[in-house]
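J.: A structural model of the following input is requested.
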Amino acid sequence: MSLTASLASKAVLIFGGTSGIGLAAAQQAKAAGAEVTVVGFDAAGAERVAADNGFAGWRAADVTQPDTITAAVAGLARVDHLVLLAGTFVAGSVLEADVAYLRRAFEERIWAAVATLRALGDRLAPDASITFISGALADRPTAGGTAILAAASAAMEAFARGLALELAPRRVNTLSPGTTDTPLLARTLGANRDAYVASVTEKLPLRRLGTADEVGAAVVFLMSNGFMNGETLHVDGGSRLV
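T.: Alright, predicted model coming up:
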């Protein structure tokens, strides 16, 4: 029996599941037989994505606002696999950027995870899996104002390891993708996207970015492999080596 067969009829909840890596993971989990509910920032967009893909349901939430998270999960009876991928690219100088803006890096990650876990409570199955996202910046910060985001990313990995003990026997892991070709990349870089991609891919061992499907498959692996726990899974094409 394949590992993904274990997802059949399981309730999967994916924050950030309406585009990019989250959507790819949602599509692959559904293909494996899971009952997938996606959560996005925009209600109309989440509803449209759920309808287009035949997902079991959709919700809308601003993950920096705990009350919207509580409302989003209110109607769910049980969650077997929780995936938290929501978050924006927060970049700015520690000495110059607005502190309230910089705080979002932690609010969208650490505190959003805390709010979600508290809101779900015992509805998170005793044998559930929880998947966080960090990123390559946790290992290799850049000089472009990413110190806070790098810190938040690294914090997610440490948080997952602690929760793997605190929430046992539930499993908690972190996905750490390298630069991935997603709508978030295009929104973040705008007109500079193509030049950035060209400069990055020239240095990467595989000479290309990752795809949402490739990274989404890693999310499904973390959900379905029952012996993965307290780990950070790097899906970066070897970017940490250069």
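J.: only C-alpha atoms for contact and neighbour calcs from this point on.
T.: OK.
J.: what ranges do the strands span in this structure?
T.: Taking DSSP state E, the strands of the chain run over residues 11-15, 35-40, 57-60, 79-84, 124-133, 171-177, 180-181, 210-211, 232-235.
J.: Next, format those strands as TSV and append mean neighbour count, mean pLDDT and distance to Val90.
T.: Below are the strands of the chain laid out as TSV (neighbours: other C-alpha atoms under 10 Å; pLDDT from 0 to 100; distance: least, C-alpha to C-alpha, whole Å):
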stretch	mean neighbour count	mean pLDDT	distance to Val90
strand 11-15	25	98	18
strand 35-40	26	98	18
strand 57-60	23	98	21
strand 79-84	25	98	17
strand 124-133	22	98	14
strand 171-177	27	98	16
strand 180-181	20	88	16
strand 210-211	17	92	21
strand 232-235	21	97	21
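J.: export the ones you listed to JSON lines and tack on distance to Ser2?
T.: What follows is the strands of the chain, written out as JSON lines (distance: least, C-alpha to C-alpha, whole Å):
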{"stretch": "strand 11-15", "distance to Ser2": "18"}
{"stretch": "strand 35-40", "distance to Ser2": "18"}
{"stretch": "strand 57-60", "distance to Ser2": "26"}
{"stretch": "strand 79-84", "distance to Ser2": "17"}
{"stretch": "strand 124-133", "distance to Ser2": "18"}
{"stretch": "strand 171-177", "distance to Ser2": "19"}
{"stretch": "strand 180-181", "distance to Ser2": "27"}
{"stretch": "strand 210-211", "distance to Ser2": "23"}
{"stretch": "strand 232-235", "distance to Ser2": "20"}
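J.: where's stretch 84-104 relative to the chain centroid, distance-wise?
T.: From the chain centre to the centre of stretch 84-104 is a distance of 17 Å (C-alpha atoms, centre = their mean, to the nearest Å).
J.: so how far is Leu189 from Gly17?
T.: Per C-alpha to C-alpha, to the nearest Å, Gly17 is found 21 Å from Leu189.
J.: the more surrounded of those two?
T.: Legend: neighbour count by other C-alpha atoms under 10 Å for Gly17 and Leu189, higher for Gly17 (29 against 13).
J.: Could you report the neighbour count for Thr201?
T.: Thr201, neighbours per other C-alpha under 10 Å, totals 15.
J.: same question, Glu96
T.: 8.
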